[in-house]
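Participant: Need coordinates for the below:
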Amino acid sequence: MEFKNVTAQAKGNVYFDGNVVSHAITLEDGSKKTFGFIFAGEYYFGTEAAERMEITDGECVVKIKGEDAEKTVKAGEYFDVPANSGFDIKVAAGTAQYICSYIV
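Facilitator: Numbers count the residues shown, from 1 in each chain. Have a look, this model is predicted:
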């Protein structure tokens, strides 16, 4: 996946002692995305805005707050998270790479 004509934030967002790292970009139309990677481990993220998380490499297991079932998400797949919610994400081995789009 490639994005052209974007404004990129040089400073990364570092979470969980460096096990999750992302960078933010703003597209020409003003929409924002973050992209990054997640090292093996289990993490929880809260959401303010609704998000679409596209896994671009690797795989993870996700459980959306308020849902009973976990879901395995592989490269080329995505999951949506409602606003004012959150999700648990587990990467069993290696890394998972992602692009997060904010849904309006």
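Participant: And residue 39, its phi and psi?
Facilitator: For residue 39, the backbone dihedrals (degrees, to the nearest 10) come out as phi -80, psi 160.
Participant: Number of residues surrounding it?
Facilitator: For residue 39, the count of nearby residues is 16 (other Cβ atoms under 10 Å). From N, CA and C alone the C-beta is placed, and that goes for glycine too.
Participant: wait, doesn't it sit right on residue 95?
Facilitator: Yes: with contact defined as Cβ atoms under 8 Å, residue 39 reaches residue 95; the gap is 5.5 Å.
Participant: Residue 99 pairs with what?
Facilitator: residue 35, residue 54 (DSSP bridges).
Participant: Model confidence score at it, please.
Facilitator: As predicted, residue 99 sits at a pLDDT of 97.
Participant: if I pick it, what's in contact with it?
Facilitator: 1, 33, 34, 35, 53, 54, 56 (Cβ atoms under 8 Å, 6 or more residues apart in numbering).
Participant: Now which of these would you call buried?
Facilitator: 33, 34, 35, 53, 54 (16 or more other Cβ atoms under 10 Å).
Participant: What does the pLDDT read for the first one?
Facilitator: Per-residue pLDDT puts residue 33 at 96.
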